[in-house]
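Engineer: What follows is a predicted protein model with its sequence.
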Amino acid sequence: MVKQKKSPEETVSELEPIAVEKAICEDNVRPVLEEIKKSDGVIGYILRNTTSATIDLNDPTRLMDYATLSSSTFEASEQLSELFELGKISYIKVEGKDINTLHLRIDENDISIFIEKTVDAKKILEKMHSQ
Amino acid sequence: MENDVYSLVLRDTLTEITNACPDIQNIFLFKEDGSIISREEKNHEEATVHAVDALDEVLEKAKVLGGTQSISFEGAKGTINVSRVNDFYLVTVVPEKADLKYVNIFTNVLLPTVLNLLDKIAPALNQNNLSETVSEEPKTKPAIKPNEDPAEETAENHENHEAAEASTEKILPEPQVNQFIVENVGGLFASSDTVRVDCDTLSQWTELYEDKKIEEAMVETFGGKSVRCKLKPLKSAKLEGKGIIQIPEKIQQMLNVGKGELVRVKPIIE
């Protein structure tokens, strides 16, 4: 009887902090991304986790293209990491002819940032990791 | 693509790069059409194919960026770099503490140099044509694939070609130029005026020129020397499919070539 009573309480106490942590994490990331988005040469970002997605792009007509690029890149990184035993991928940088992208995973959030080629990707990474 | 001279040279280059940079865990080249050139190690092959599949998807989607110049995946234990080199994508996998500057010297300088050099010195080895040819042919074909090279056609062959045209009133394809690796001829009774190539190549030529007799070939060196010799199939099944031509010592001396060197061979159509 004692055990049966304890177990539901434990479940609740374990679940609650996780939900709070997720919310805090997303709340921490979004302001940083909004700050980055204001910088010159930043085209936009996609922030996605298991429950929600936030997309802020200068050109909304490219939304689908950028969203599929973002998800393909994260999928490929998982496969490649497994194949070549790279461990946790800290970030991915794709240099295009016209535009560069940065993809990073912070906790449960998949973040893709689209930037002009003149933008310093290292500075953006530093900002993201300093949050 | 693994059966042509172009890929042979590139594969050697990749192996040499790896020898010079032991930090490189894996290195391979691939094209958008899915052709892969990797080192000889079989244990890397499966991972390479899966990696190309994964990267292909990203490259396709990255067209929205105006095409891809490079991709780097920074992991806790290592890094994968994908960079565009001419028509290829070069993929290198290095561990966390690798000296990337040193690796980049080789991958960003040596490989493009080799590719440019290949294009300059051997335009006949056009990799696009070869990849198309190879994709249509079984893997058992010789390691060195034939290349059409109309500019190489000698006056003698041209006459033969014209004669054949006149007699049949049918346009025959230009004589193919195949490249082979020189091998010595063994045995006491080896004919001193006969070279031997694999049956597959002979069958190809016979197919190409339909019922024309192909009993002789012109063997040429890259230095410009050439000898007309009799042509027969290889006797040893072990040598089949390796891109080898057995040349008697006398002809080797005339051509000033030796075992392991490359020569070009054109069938003479009678």
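Structural biologist: Structure's in. What do you need? Residues are numbered from 1 along each chain as shown, chains lettered A, B, ... in the order given.
Engineer: ranges for the strands of the stretch 101-250 of chain B?
Structural biologist: Taking DSSP state E, counting those that start in this stretch as the test, the strands found in the stretch 101-250 of chain B are B:147-148, B:176-184, B:194-197, B:216-220, B:226-233, B:244-247.
Engineer: Among those strands, which comes closest to chain A?
Structural biologist: Among those, the nearest to chain A by Cβ to the nearest Cβ is strand B:147-148 (32.1 Å). All C-beta atoms are positioned from the backbone trio N, CA, C, and that covers glycine.
Engineer: avg pLDDT for that closest one?
Structural biologist: Per-residue pLDDT over strand B:147-148 has a mean of 44.
Engineer: Out of the helices and strands in chain B, which is least certain?
Structural biologist: Lowest mean confidence among the helices and strands of chain B (mean pLDDT, DSSP states H and E): helix B:127-136, at a mean of 41.
Engineer: With chain A instead?
Structural biologist: Within chain A, no helix or strand scores below helix A:2-37, which has a mean of 56 by mean pLDDT, DSSP H and E.
Engineer: Check which element follows that helix along the chain.
Structural biologist: strand A:42-48 (DSSP states H and E).
Engineer: Between the strands of the stretch 101-250 of chain B, which one is closest to A:Ser130.
Structural biologist: Counting by Cβ to Cβ, A:Ser130 lies closest to strand B:147-148 out of these; the figure is 56.9 Å.
Engineer: Can you report phi and psi for A:Lys117?
Structural biologist: With angles defined as degrees, to the nearest 10, A:Lys117 sits at phi -70, psi -20.
Engineer: mind checking how far the nearest residue to it once chain neighbours are set aside is from B:Glu249?
Structural biologist: Using Cβ to Cβ, 6 or more residues apart in numbering or on different chains and skipping the chain neighbours, the partner closest in space to A:Lys117 is A:Asn100 (5.6 Å). Using Cβ to Cβ, to the nearest Å, A:Asn100 is found at 60 Å from B:Glu249.
Engineer: pLDDT at residue 100, what is it?
Structural biologist: Assuming you mean chain A. The model's pLDDT for A:Asn100 equals 95.
Engineer: meant chain B actually
Structural biologist: pLDDT recorded at B:Leu100 is 80.
Engineer: residues in contact with it?
Structural biologist: Contacts were defined as Cβ atoms under 8 Å, 6 or more residues apart in numbering or on different chains; by that measure B:Leu100 touches B:Thr79, B:Val94.
Engineer: Phi first, then psi, for B:Pro248.
Structural biologist: Main-chain dihedrals, B:Pro248, degrees, to the nearest 10: phi -60, psi 150.
Engineer: That one reaches B:Thr194, doesn't it?
Structural biologist: Yes: the criterion here is Cβ atoms under 8 Å, and B:Pro248 meets it with B:Thr194 at 7.1 Å.
Engineer: Tell me the residues of chain A that contact chain B?
Structural biologist: A:62, A:65-66, A:68-69, A:72-73, A:75-77, A:79-81, A:83-101 (Cβ under 8 Å from any Cβ of the partner chain).
Engineer: Show me just the buried residues among those residues.
Structural biologist: Buried members of the residues of chain A next to chain B, counted by 16 or more other Cβ atoms under 10 Å in any protein chain shown: A:62, A:65-66, A:69, A:72-73, A:76-77, A:79-81, A:83-84, A:86, A:89-96, A:99-101.
Engineer: Now the residue nearest to A:Lys117: which helix or strand?
Structural biologist: Residue-wise, A:Asn100 maps onto strand A:99-106 under DSSP H and E.
Engineer: Does that strand pack against any helices or strands, and if so which?
Structural biologist: helix A:63-84, strand A:89-96, strand A:109-116, helix A:121-130 (3 or more Cβ pairs under 8 Å, 6 or more residues apart in numbering or on different chains; DSSP states H and E).
Engineer: Could you list the paired strands of it along with their orientation?
Structural biologist: Paired strands of strand A:99-106, with direction, are strand A:89-96 (antiparallel), strand A:109-116 (antiparallel) (DSSP bridges).
Engineer: shaky segments in chain B?
Structural biologist: Low-confidence segments of chain B (pLDDT under 70): B:1-4, B:40-44, B:122-176, B:187-189, B:211, B:270.
Engineer: Tell me where it has helices.
Structural biologist: Secondary structure of chain B by DSSP state H: the helices cover B:5-20, B:45-61, B:100-105, B:111-121, B:127-136, B:155-168, B:199-208, B:249-255.
Engineer: Tell me which of the ones you listed sits nearest to B:Val93.
Structural biologist: Closest among these, using Cβ to Cβ: helix B:45-61, at 8.6 Å.
Engineer: got the angle between the closest one and strand A:99-106?
Structural biologist: Using axes from the mean of the first three to the mean of the last three Cα atoms, to 10 degrees, the direction of helix B:45-61 lies 120 degrees away from that of strand A:99-106.
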